[in-house]
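Novice: Here is my input, please return the structure:
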Amino acid sequence: MIERMGMMVISLRKWLRSGKYLILFVMLAYTLYKALGLLDDYVFREDKYRVPEGSAVKVFREGVPGSAEMETMTERLKLFFWYGE
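Specialist: Numbers count the residues shown, from 1 in each chain. Take a look at the predicted model:
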C-alpha cells in the first residue's frame, strides 16, 4: 500500500469552470457599470456649472479682498449656517 503524504490533487476541470464563472461575473459587472453610466448621462444631462437662467442668482461673487464690498469670513459663515446649506 502506498501512502499519499502531502500530495494534493489539482483538478483542471474545476479551475476552468471557476475561471469561466469569474470571467462571466467580470463581464456582467462591467456591462452593468457601463449601463449605469449611460443612465446617469441620460438622467443628468445638464451642465452643473452653466450660467443660471431666468430669476436664478449666482451665489459666488467675485470681489477684491480687502474692499468694502467683501464680507468678512464670519458673516459668510453665519449666512451659511442660517440658510442651512
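
Novice: Would you mind checking which helix or strand in the chain has the lowest mean pLDDT?
Specialist: Every helix and strand in the chain was compared by mean pLDDT, DSSP states H and E; the lowest is helix 73-83, with a mean of 78.

Novice: Just give me the residue closest to the centre of this protein.
Specialist: The centre of the chain sits closest to residue 37, judged by C-alpha atoms, centre = their mean, with a distance of 10.2 Å.

Novice: Assign residue 50 to helix, strand or coil.
Specialist: coil (DSSP: H, G, I helix; E, B strand; the rest coil).

Novice: rewinding a little: alpha carbons only: can I get the least confident helix or strand of the chain in CSV?
Specialist: C-alpha atoms of helix 73-83 as CSV (Å, rounded to 0.1, in the frame of the first residue of the first chain):
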residue,chain,number,x,y,z
MET,A,73,-15.5,85.3,6.8
THR,A,74,-17.6,85.2,9.9
GLU,A,75,-20.5,86.9,8.2
ARG,A,76,-20.3,84.5,5.3
LEU,A,77,-20.2,81.6,7.8
LYS,A,78,-23.3,83.0,9.7
LEU,A,79,-25.2,83.1,6.4
PHE,A,80,-24.1,79.6,5.5
PHE,A,81,-25.5,78.2,8.8
TRP,A,82,-28.5,80.5,8.7
TYR,A,83,-29.7,79.2,5.3
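
Novice: Contacts made by that helix with the rest, please.
Specialist: Taking C-beta atoms under 8 Å, 6 or more residues apart in numbering as the criterion, no residue outside helix 73-83 touches it. To be clear about C-beta, it is placed using only N, CA and C from the backbone, and glycine gets the same treatment.
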